[in-house]
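**Q** Sequence and predicted structure, then a few things I'm wondering about:
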Amino acid sequence: MAPSVFLFATLDTKGREAEFIRRLLASWGVPVTLVDAGALGTPGAVPDITRDRVFELGDTSLDEVRRRGDRGEAVTAAARGAARLAREAYARGELSGVLGLGGSAGTTIATSAMKALPLGVPKVMVSTLASGMVRQFVGDKDIFMLNAVVDISGINRVSRQVLSQAAAAMAGLVTHPIPRPDSADKPLVAATMFGVTTPCVERARQTLERAGYEVLVFHATGSGGQAMESLIADGVIAGVLDVTTTELADEHVGGFLSAGPHRLEAAARAGIPQVVSTGAVDMVNFYAPETVPARFKDRLFYRHNANVTLMRTTAEENAHIGATIARKLSAAAGPVSVLLPRRGVSAIDAEGQPFDDPAARRALHEAIRSGMRAGEVVELDLHINDPEFADAAARKLLELMKAAPVSGASAGGNC
């Protein structure tokens, strides 16, 4: 069976539009598998994979979904089934890409299928929500979001153009695939950086590159941390320089740049070498000042710019974050080294700077030292942005990676 584009749509409402795309792709010689993710009305096109099968893969049945009559539950089950369908089809070599059509329900379902696939697998989503906030749909994956402009309801002069663009984009992606990695590709190192830890990461990156590694730097803004964790899970990373763990502060305190509850877990599960520090854990991120919740009105703030407001974490919050770091790293299957900068964890957590708080740093670092059950913890009498700290972090990671075998995937993988 030749790999095909899996086209996801709720065919009771998007049947005509899905059929339009299917015929267009077929006319260009692109195989298509049409998947019906609907639950209620009669399908407006004949699917290759029925809604019954989608809900079965979602651990329920179409009859049960209809009996309960809860639209939210139906979408959740269909999304679960779509993700499993795509993941298993890709593993069998039957899926070349995923294309989706939809409003909120269809976008949720189709992007769940897309997020179940590795980076590099073509993913195109035509959505009526594509012009707004789409992080919940895109997550950490390489998904093309195409604004539907008009509702996906019939073929007209606008929808015809948009749907044709989506089909053409997918045809190009699957017929002109990206080159596979070759033997010249260097092993990949993942590093995390924030503006307030840039000097550290930039210097360490240069050291790692001189040693023969390619460094992927992830901006620790929530989606950046998620993307890094995803690539680690995909098996393409040889080592991790997780200098900037600030997303854990947003997750614990309630800031806007959380990477979710599973940050700092992928490398531990994969058993790859990691050097971890506490960069920017002194801050929680909000947008403009009016976005800060009222319960924080008496806290210490720093206005980074008109759209970013930083709040200093307390000693109590730092102790909790430190314990979380220790717990996650203690479960690591591979080598771990934690480097703690005694003189400050960010550019504004230094002597004379607005977030300088030695007591909060002590609480953070003491929680890590006391909670670690594996790996090493080294406290340096340095600031995180001191050149000596960056050099120590890079040398330590090189030492750990030299002692650990590098798999073929870590030398390139799907990237």
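**A** All right, it came through fine. Just so it is clear, the model here is predicted, and its values are computed rather than measured.

**Q** The helix or strand containing residue 65: how far from the chain's middle?
**A** When elements are assigned from DSSP states H and E, residue 65 belongs to helix 62-68. Using Cα atoms, centre = their mean, to the nearest Å, the mean C-alpha position of helix 62-68 is found 33 Å from that of the whole chain.

**Q** which parts of it are buried?
**A** By neighbour count with 16 or more other Cβ atoms under 10 Å, helix 62-68 contains the buried residues 62, 65. Every residue, glycine included, has its C-beta placed from N, CA and C.

**Q** List the residues that contact residue 279.
**A** Listed by Cβ atoms under 8 Å, 6 or more residues apart in numbering, the contact partners of residue 279 are 192-194, 196-197, 200, 220, 243-246, 345-346, 384.

**Q** same check, this time on residue 274
**A** 239-242, 267-268, 329, 332, 334-337, 397, 400.

**Q** So in terms of bridging, what pairs with it?
**A** residue 240, residue 336 (DSSP bridges).

**Q** What is the helix or strand following the helix holding residue 65 packed up against?
**A** Once the chain leaves helix 62-68, the next helix or strand it forms, by DSSP H and E, is helix 71-91. Under the contact criterion of 3 or more Cβ pairs under 8 Å, 6 or more residues apart in numbering; DSSP states H and E, helix 71-91 touches strand 4-9, strand 32-36, helix 51-57, helix 62-68, strand 95-102, helix 104-115.

**Q** ranges for the strands of this structure?
**A** All strands of the chain, identified by DSSP state E, fall at 4-9, 32-36, 95-102, 123-127, 144-147, 188-193, 214-219, 239-242, 274-276, 283-286, 301-305, 308-312, 336-341, 376-380.

**Q** The ones you listed: lowest mean pLDDT?
**A** Set side by side, these differ in mean pLDDT, and strand 301-305 is lowest with a mean of 92.

**Q** Check which residues of it are buried.
**A** residue 301.

**Q** remind me which residues of the chain are low pLDDT?
**A** 1, 181-183, 405-415 (pLDDT under 70).

**Q** Pop the domain breakdown of it in here.
**A** Residue ranges for the domains of the chain, per automatic domain parsing: 4-175, 188-411.

**Q** one step back: of the helices and strands packed on helix 71-91, which is nearest residue 169?
**A** Among the helices and strands packed on helix 71-91, the nearest to residue 169 by Cβ to Cβ is strand 95-102 (8.6 Å).

**Q** Confirm for me that residue 256 is in contact with residue 283.
**A** No. Applying Cβ atoms under 8 Å as the test, residue 256 and residue 283 come out as separate, 11.6 Å apart.

**Q** if we can go back for a sec, can you tell me which of the contacts of residue 279 lies nearest to residue 18?
**A** Nearest to residue 18 among the contacts of residue 279 is residue 220, at 39.0 Å by Cβ to Cβ.

**Q** Quick check: the closest one touching residue 190?
**A** No. The pair residue 220 / residue 190 is not scored as a contact, 11.5 Å apart, by Cβ under 8 Å.

**Q** what's the nearest residue to residue 391 if we skip its chain neighbours?
**A** residue 207 (6.6 Å; Cβ to Cβ, 6 or more residues apart in numbering).

**Q** That neighbour and residue 338, how far apart?
**A** 19 Å (Cβ to Cβ, to the nearest Å).

**Q** who's more crowded, the two?
**A** Neighbour count, other Cβ atoms under 10 Å: between residue 207 and residue 338, residue 338 has more, with 24 against 18.

**Q** so who does that one touch?
**A** 275, 276, 277, 325, 329, 368, 372, 375, 376, 377, 378.

**Q** count of neighbours near the third one?
**A** The reference is to residue 277. By other Cβ under 10 Å, the residues close to residue 277 number 27.

**Q** State the distance from it to residue 344.
**A** Residue 277 sits 11 Å away from residue 344 when distances are taken as Cβ to Cβ.

**Q** any shared contact partners between the two?
**A** Shared contacts of residue 277 and residue 344, counting by Cβ under 8 Å, 6+ apart, come down to residue 384.

**Q** got a list of what residue 16 touches?
**A** If you count contacts by Cβ under 8 Å, 6+ apart, residue 16 has them with 44, 45, 154, 155.

**Q** need the residues you listed in TSV with neighbour count and distance to residue 61, can you?
**A** Shown next, in TSV, are the contacts of residue 16 (neighbours: other Cβ atoms under 10 Å; distance: Cβ to Cβ, whole Å):
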residue	neighbour count	distance to residue 61
44	18	22
45	19	22
154	11	31
155	13	33
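
**Q** Which two among the residues you listed are spaced furthest apart?
**A** Spanning the widest gap among the contacts of residue 16 are 45 and 154, at 13.7 Å by Cβ to Cβ.

**Q** want to try JSON lines for the strands of the chain, with distance to residue 113 as columns?
**A** Listed next are the strands of the chain as JSON lines, based on distance: least, Cβ to Cβ, whole Å:
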{"stretch": "strand 4-9", "distance to residue 113": "6"}
{"stretch": "strand 32-36", "distance to residue 113": "8"}
{"stretch": "strand 95-102", "distance to residue 113": "5"}
{"stretch": "strand 123-127", "distance to residue 113": "9"}
{"stretch": "strand 144-147", "distance to residue 113": "14"}
{"stretch": "strand 188-193", "distance to residue 113": "26"}
{"stretch": "strand 214-219", "distance to residue 113": "24"}
{"stretch": "strand 239-242", "distance to residue 113": "28"}
{"stretch": "strand 274-276", "distance to residue 113": "31"}
{"stretch": "strand 283-286", "distance to residue 113": "31"}
{"stretch": "strand 301-305", "distance to residue 113": "37"}
{"stretch": "strand 308-312", "distance to residue 113": "34"}
{"stretch": "strand 336-341", "distance to residue 113": "34"}
{"stretch": "strand 376-380", "distance to residue 113": "42"}
